[in-house]
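Visitor: return a 3D structure for these sequence lines:
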Amino acid sequence: MSLYQKASLVQIPSGYKASAAKLYSVVPSSGDADFTISADADATRVNKDGVIESVAANQARLNYDFANPQDPHLLLEPTRIQLAHYTNAISSANGYSLINGTLTTNSHTAPDGTNEASTFKVTSSLGQFQKVKTGSSGVQYTVSAYVKRKTGTGTVYLRAVENTNTAVTVTDEWTRVSLTVTSTSTNIRYGMALATSGDEIYVWGFQVEAGSYATSLIPNPAGIDITRTEDFCHIPSGLQNILNTSEGTLFVDLEVLRVATTSDFDRIVLSDQTSSTDRIILDNFGGNWRSLMISSAGIVSQTIVSVTANQRIKVAIAYSSTQLRISYNGNTATTTSGSYTPTTTLESFKFSNVSGGSKCQGKIYQAMYFNTALTNTELQTLTS
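Guide: Reported below is the predicted structural model:
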């Protein structure tokens, strides 16, 4: 993933190539505009063949959704702790209790290509299995699992945190189901149930994590909790000859995982590396997409549109000495007047704020930079 003067700054996934800790785009530069990736070796992705696989440490995760395998993206996620154990061997031998049912391990091909999926068969009405571990009361947890119908047409339930079962949609293909619940006790439960005697499902890859949404699978073949650290993608410096400090256009095609607050938000920034001066910003802030133009002349701010979690958006931001102009999803560009008077030089690009906090978390389909402020018509065309 490289920066381009006059043309596209970042193209994901076109021409993707990972090498060591670098990410390049379709036409690699001389090396001064390559993104550095910080990622955990426990991180996984769905590859182009629809198989879940682990990536090497500090390598970009080019992820393909099961539902839309033709449109991959760079996956950036927060730190999460995997609280579910033995994700590859769901069985009574590994602490899963059974009521009116049986569990058989290594009985079907799992989403990671191994033969480690388990089969759960209900032997009488509302058979179920679950595992219980200690958590915290008052904490929001998300439970997820991969499930596939083997036989029967009865209702399948996901048990998540509380002592309740919630119906989920299951098909003849692997589907990831999830449920978010705020715990009212310290008993954290996860499991599944079937309503009709004789019905069978395949199940694999439980995940229990504190948070309001499910992140990519953290494999856990042991009886301990596992932490996956947050992703970070940036060029910390050296872009003085690529970024135009006076005027330019930033385009991003992305999808965020949540609606951010005013104290915990996602940010993308072109910066001079000094926290209090020149920056061009796009962020998911307090329920809205927002753009900021910061210089010695002050702050020019424009709200773009409200944020919807897991909804893709294309935003183009043109900045100049007198205005901030923005188009999103093919809409007519809007203009906010204001002075932009930089005293330093833009030199970095980060999926975060200038200091590395407020990291952008979600799916980055494409980002482009142009070293001129595009016209309103060009902005609208770019985001269509």
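
Visitor: rest of the way, CA atoms for contacts and neighbours
Guide: Noted.

Visitor: phi, psi for residue 379 please.
Guide: phi -60, psi -40 (degrees, to the nearest 10).

Visitor: neighbours around it, how many?
Guide: 27 (other Cα atoms under 10 Å).

Visitor: who's in contact with it?
Guide: By Cα atoms under 8 Å, 6 or more residues apart in numbering, the residues touching residue 379 are 316, 317, 318, 326, 327, 333.

Visitor: now it: how far from residue 364?
Guide: 19 Å (Cα to Cα, to the nearest Å).

Visitor: so what's the residue of the chain most remote from its centre closest to, chain neighbours aside?
Guide: In the chain, the greatest distance from the average C-alpha position (Cα atoms, centre = their mean) is reached by residue 124, at 39.5 Å. For residue 124, ignoring the flanking residues on the chain, the nearest one in space by Cα to Cα, 6 or more residues apart in numbering is residue 197 at 4.4 Å.

Visitor: hang on, the one you found packs against residue 122?
Guide: Yes - Residue 197 lies in contact with residue 122 (Cα atoms under 8 Å); the separation is 5.3 Å.

Visitor: which one of these two has more residues nearby?
Guide: Shown here are residue 197 and residue 122; by other Cα under 10 Å, residue 122 has more neighbours (24 against 17).

Visitor: which strand residues sit across from the more buried one in the sheet?
Guide: residue 101 (DSSP bridges).

Visitor: same deal with residue 127?
Guide: residue 194.

Visitor: residues contacting it?
Guide: Per Cα under 8 Å, 6+ apart, neighbours of residue 127: 98, 99, 100, 101, 121, 193, 194, 195, 196, 197.

Visitor: do a quick rundown of the helices in the protein.
Guide: Ranges of helices in the chain, per DSSP state H, are 376-383.

Visitor: any weak-confidence spans in it?
Guide: 1-33, 67-69 (pLDDT under 70).

Visitor: can you list the domains in it?
Guide: 17-78+231-383, 82-228 (automatic domain parsing).

Visitor: redo the contacts of residue 379 as a markdown table? Include neighbour count and distance to residue 106.
Guide: Conversion of the contacts of residue 379 to a markdown table gives the following (neighbours: other Cα atoms under 10 Å; distance: Cα to Cα, whole Å):
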| residue | neighbour count | distance to residue 106 |
| --- | --- | --- |
| 316 | 28 | 49 |
| 317 | 25 | 51 |
| 318 | 26 | 55 |
| 326 | 28 | 53 |
| 327 | 26 | 51 |
| 333 | 19 | 55 |
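
Visitor: in strands, which of the residues you listed fall?
Guide: Applying DSSP state E to the contacts of residue 379, the entries found in strands are 316, 317, 318, 326, 327.

Visitor: and the last one, bridged to which residues?
Guide: So that's residue 327. With DSSP bridges as the rule, residue 327 is bridged to residue 316.

Visitor: what's the separation between it and residue 255?
Guide: 16 Å.

Visitor: kindly report the same for residue 318.
Guide: 20 Å.

Visitor: can you check residue 110 too?
Guide: Residue 110 is 27 Å from residue 255, by Cα to Cα.

Visitor: cool, and residue 193?
Guide: Separation of residue 193 from residue 255 (Cα to Cα): 33 Å.

Visitor: residue 37 too?
Guide: 19 Å.
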